[in-house]
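> the following comprises the amino acid sequence and a computationally predicted model.
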Amino acid sequence: MTVRGAICLVAISAGLLTGCGAAPRSKYYQLTVPNGVAEARSSDTQVKLLIGSMSASHLYREDGIVYSRGSEELGTYQYQRWAEPPTDMFGEVLVRELRATGRYLAVQPQRSNTNGDFIIRGRLHDFKEVDGSSILAEVTFELEMRDLKTGATVWTHYYTHEEPVGGKDVSAVVAALDKNVQQGVKEVAASLDQYFESHPVR
């Protein structure tokens, strides 16, 4: 083998070794789920709530963490993802928050074999990082509650808020989105509390 050939072989081998480096590790994040269930208040134990699935664009029904740049461009991070789709995580947080109020006899995700008095459904419009002069975590959703006896929509709630992000990494974005969701579901719980105070179920 010539010296030139040996040099070429070493160069090729070095290139192959460089290309075989470990791939970036994926990181997964989840929202904080409220803990515990308060004792049901005796005056409210007649009410059984069902929580239906949230509708959303396909971006929020998959596990990518979404960011936006400008009014039209959306993207997702490749190696940093949600543990579950945002629609599923939001539904779980809502179920656990409403259970923790102690107002209801039962709060269950809607299933084919579950019964209830009211069903709450909604749409998740925004659940994303917004990049601009500052970084924001935007959450927008709307919910409605239907009386299963009459079929009438008896309550609606709209929420939108941009929470400032306290850092420049994805974990800071996740923390701000989590804070935003917790604030949103507490608003929902308070609004439902007001509804049932003024519309007691007998």
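Done, it's in. Numbering: from 1, shown residues only.
> what packs against the longest helix seen in the chain?
Longest helix of the chain, by residue count under DSSP state H: helix 170-198. Applying 3 or more CB pairs under 8 Å, 6 or more residues apart in numbering; DSSP states H and E, we find helix 170-198 packed against strand 27-29, strand 64-69, helix 86-100, strand 118-131, strand 135-147, strand 153-164. All C-beta atoms are positioned from the backbone trio N, CA, C, and that covers glycine.
> ok, which of the ones you listed comes nearest residue 202?
strand 135-147 (13.2 Å; CB to CB).
> what comes up buried for that closest one?
By neighbour count on 16 or more other CB atoms under 10 Å, the buried set for strand 135-147 is 135-141, 143-146.
> contacting residues around the residue nearest to the spatial centre of the chain?
With distances taken as CA atoms, centre = their mean, residue 86 lies nearest the centre of the chain, 3.4 Å away. For residue 86, the contact set (CB atoms under 8 Å, 6 or more residues apart in numbering) comprises 56, 60-61, 124, 127.
> also residue 121?
Residue 121 neighbours (CB under 8 Å, 6+ apart): 52-55, 143-144, 146.
> which among these gets closest to residue 102?
Nearest member of the contacts of residue 121 to residue 102, counting by CB to CB, is residue 143, at 20.2 Å.
> with adjacent residues omitted, what lies nearest to that closest one?
residue 122 (3.6 Å; CB to CB, 6 or more residues apart in numbering).
> show me what that neighbour is bridged to.
residue 54, residue 143 (DSSP bridges).
> what about it, how many neighbours?
Look at residue 122: counted by other CB atoms under 10 Å, it has 25 neighbours.
> repeat that for the one 5 residues further on.
Residues lying near residue 127 (other CB under 10 Å) number 26.
> correct me if wrong: it contacts residue 139.
Yes: assessed by CB atoms under 8 Å, residue 127 is found in contact with residue 139 at 5.7 Å.
> which neighbours do these two share?
By CB under 8 Å, 6+ apart, the residues touching both residue 127 and residue 139 are residue 177.
> rewinding a little: just give me the closest of the buried residues of strand 135-147 to residue 115.
residue 146 (14.2 Å).
> who are the neighbours in contact with the closest one?
Taking CB under 8 Å, 6+ apart as the test, what residue 146 contacts is 118-119, 121, 152-154.
> please name the nearest non-neighbouring residue to residue 156.
Per CB to CB, 6+ apart, closest to residue 156 is residue 144, 4.7 Å.
> the one you found and residue 150, how far apart?
14 Å (CB to CB, to the nearest Å).
> that older thread, mean pLDDT for the helices and strands packed on helix 170-198 - can I get that in CSV?
Formatted as CSV, the helices and strands packed on helix 170-198 follow (pLDDT from 0 to 100):
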stretch, mean pLDDT
strand 27-29, 97
strand 64-69, 96
helix 86-100, 96
strand 118-131, 97
strand 135-147, 98
strand 153-164, 98
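> before we move on, back to that, and the contacts of residue 146, which of them are buried?
118-119, 121.
> circling back to that earlier point, quick one: which of the helices and strands packed on helix 170-198 is nearest residue 176?
strand 135-147 (3.5 Å).
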